[in-house]
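Q: When you get a sec, could you give me coordinates for this:
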Amino acid sequence: MSMKTRTLDQFSRKDVLEGLAFVQKYQALLTVFERLLLARLVRLASSPAQDRNDELLTVPEVAARLGLSKPRVYELLRAREISAVRIGERQVRVSRHDLAQYLDDHRATKQSEE
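A: Next up, the predicted model:
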């Protein structure tokens, strides 16, 4: 398949306008695509910290992090001192963010008592 090559001087006014419209449309698509890629890059750059905060911990993991027994952690959960997510009837999970919030609140209470 051979293509005819033309110089710009051979383009009619209609051809030039159609060509410009095509280029502008293509540039607009590239701009949108660039913005989408940049937004994705920002999310990828910030997601590890978010993912770690959204991770759900089991009661034994929470007990180990706090240096408490499992029954004591269950007491804190029943008293709603630590926020938790119930999965089904028997499973309980605590997000890293909620555990960090409990620790921050607990530290603030201790410091205000001193």
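
Q: make it CA atoms for all contacts and neighbour counts henceforth
A: Will do.

Q: mind giving me the domain split of the chain?
A: 13-53, 55-113 (automatic domain parsing).

Q: Output the ones you listed as CSV; include the columns distance to Thr7, mean neighbour count and mean pLDDT.
A: As requested, the domains of the chain are exported to CSV (distance: least, Cα to Cα, whole Å; neighbours: other Cα atoms under 10 Å; pLDDT from 0 to 100):
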stretch, distance to Thr7, mean neighbour count, mean pLDDT
domain 13-53, 12, 12, 83
domain 55-113, 61, 14, 88
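
Q: As a markdown table, those domains with distance to Arg6 would be great.
A: Shown next, in a markdown table, are the domains of the chain (distance: least, Cα to Cα, whole Å):
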| stretch | distance to Arg6 |
| --- | --- |
| domain 13-53 | 11 |
| domain 55-113 | 61 |
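
Q: For Lys4, which of those is the nearest?
A: For Lys4, the closest of those is domain 13-53, at 14.6 Å, according to Cα to Cα.

Q: What is the lengthiest helix in the chain packed up against?
A: Longest helix of the chain, by residue count under DSSP state H: helix 13-54. Packing contacts for helix 13-54, counted by 3 or more Cα pairs under 8 Å, 6 or more residues apart in numbering; DSSP states H and E, involve helix 96-113.

Q: Figure out how far whatever helix or strand comes next after the longest helix of the chain is from the centre of its chain.
A: Sequence order places strand 56-57 as the next helix or strand after helix 13-54, per DSSP states H and E. Centroid separation between strand 56-57 and its chain, computed with Cα atoms, centre = their mean, to the nearest Å, is 17 Å.

Q: Helix or strand next in line after strand 56-57, which one?
A: Next element after strand 56-57 (DSSP H and E): helix 59-66.

Q: same for that next one, what does it pack against?
A: helix 70-78, strand 91-95.

Q: again, 10 Å this time
A: If you count contacts as 3 or more Cα pairs under 10 Å, 6 or more residues apart in numbering; DSSP states H and E, helix 59-66 packs onto strand 56-57, helix 70-78, strand 91-95, helix 96-113.

Q: Save the ones you listed as JSON lines, and put in distance to Arg40 too.
A: What follows is the helices and strands packed on helix 59-66, written out as JSON lines (distance: least, Cα to Cα, whole Å):
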{"stretch": "strand 56-57", "distance to Arg40": "24"}
{"stretch": "helix 70-78", "distance to Arg40": "37"}
{"stretch": "strand 91-95", "distance to Arg40": "25"}
{"stretch": "helix 96-113", "distance to Arg40": "23"}
